[in-house]
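J.: need a structure here:
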Amino acid sequence: MKYASSVIYEFLLLECPFESKLTSGLIVLEHGRAVHEITYDQLHNISKGETRIIFAHNFKIPRWECCSKDYEKLLFQSSILPKVNKLFEAIELALAFKRDAPRIMLKGFCGYHEER
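T.: Predicted structure coming up:
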């Protein structure tokens, strides 16, 4: 799968935060539930977990923590269908070889020739 492909869709869902302050005065927002979905050309990722965001006095974010508890990676059928078809072709070829191998071996190694 190509991760370098462009992002088609991105979504971040955050539960209402619990706000607290550190002794240094920094503001902390903790989200007990966070869902991050991102869709690429051939792939869809879903991460579920918790986030903790720390804001500095100027409201810049010096630290962002995310703990993923559940992670799903979904492949689009159109992206794997050609590979599945190639796999079936390889299986059919292997089965055909297995079926025809004894006759081929007799021809090559024993000088056996089929009568016409």
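J.: only C-alpha atoms from now on, for both contacts and neighbour counts.
T.: OK.
J.: what pairs with the helix or strand hosting residue 10, parallel or antiparallel?
T.: Assigned by DSSP states H and E, residue 10 belongs to strand 9-14. When pairs are called by DSSP bridges, strand 9-14 turns out to pair with strand 27-39 (antiparallel).
J.: what comes up buried for the helix or strand just after the strand it pairs with?
T.: Sequence order places strand 43-55 as the next helix or strand after strand 27-39, per DSSP H and E. For strand 43-55, the neighbour count (16 or more other CA atoms under 10 Å) marks 43-44, 46-55 as buried.
J.: which strands and helices sit next to strand 43-55?
T.: The criterion is 3 or more CA pairs under 8 Å, 6 or more residues apart in numbering; DSSP states H and E, and the helices and strands that strand 43-55 contacts are strand 27-39, strand 63-75.
J.: so how far is residue 50 from the most centrally placed residue in the chain?
T.: The residue lying closest to the centre of the chain (CA atoms, centre = their mean) is residue 73, at 3.5 Å. Here residue 73 is placed at a distance of 18 Å from residue 50 (CA to CA, to the nearest Å).
J.: least trustworthy helix or strand in this structure by mean pLDDT?
T.: helix 77-109 (a mean of 76; mean pLDDT, DSSP states H and E).
J.: report the inter-axis angle for that helix versus strand 43-55.
T.: Following axes from the mean of the first three to the mean of the last three CA atoms, to 10 degrees, one obtains 130 degrees for the angle between helix 77-109 and strand 43-55.
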